[in-house]
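Participant: give me coordinates for this.
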Amino acid sequence: MKKMNQELMLENLNGFEFEELVADIFRKKGFKNVIVTQRTNDGGKDITMDEVTYSGEVIKVVVECKH
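Facilitator: As a prediction, the model looks like this:
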């Protein structure tokens, strides 16, 4: 029952709310500089962020969300 309720909650999000949710998940996973891009003409780049490796290397990450 809990999983079904979670799925219904996701279905009720609009595209922009979904992108914000995904960005929050990446923030909680430790990604840095997580930014939801502008809503139009983003070239498929919905979220940008940095991943810092154990060696200190910064890797730029781009996410395209599909809801």
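
Participant: pull out the buried positions in the top helix by length along the chain.
Facilitator: Using DSSP state H, we find that the single longest helix of the chain is helix 15-28. For helix 15-28, burial by neighbour count (16 or more other C-beta atoms under 10 Å) applies to Phe18, Glu19, Val22, Ala23, Phe26. Yep, even glycine has a C-beta here, placed from its N, CA and C like the rest.

Participant: also stretch 41-55?
Facilitator: For stretch 41-55, by 16+ other C-beta under 10 Å, it's Asp46, Ile47, Thr48, Met49.

Participant: make JSON lines out of those residues and add pLDDT.
Facilitator: As requested, the buried residues of stretch 41-55 are arranged in JSON lines below (pLDDT from 0 to 100):
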{"residue": "Asp46", "pLDDT": "94"}
{"residue": "Ile47", "pLDDT": "96"}
{"residue": "Thr48", "pLDDT": "97"}
{"residue": "Met49", "pLDDT": "98"}
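
Participant: in strands only, show me the residues you listed.
Facilitator: With strands taken from DSSP state E, the overlap with the buried residues of stretch 41-55 comprises Ile47, Thr48, Met49.

Participant: quick check: the last one touching Lys29?
Facilitator: No: under the criterion of C-beta atoms under 8 Å, Met49 is not in contact with Lys29, lying 9.7 Å apart.

Participant: how about the secondary structure of the closest residue to Leu21 other than its chain neighbours?
Facilitator: Among residues not flanking Leu21 along the chain, Leu13 sits closest, at 6.6 Å (C-beta to C-beta, 6 or more residues apart in numbering). Applying DSSP: H, G, I helix; E, B strand; the rest coil to Leu13 yields a three-state assignment of coil.
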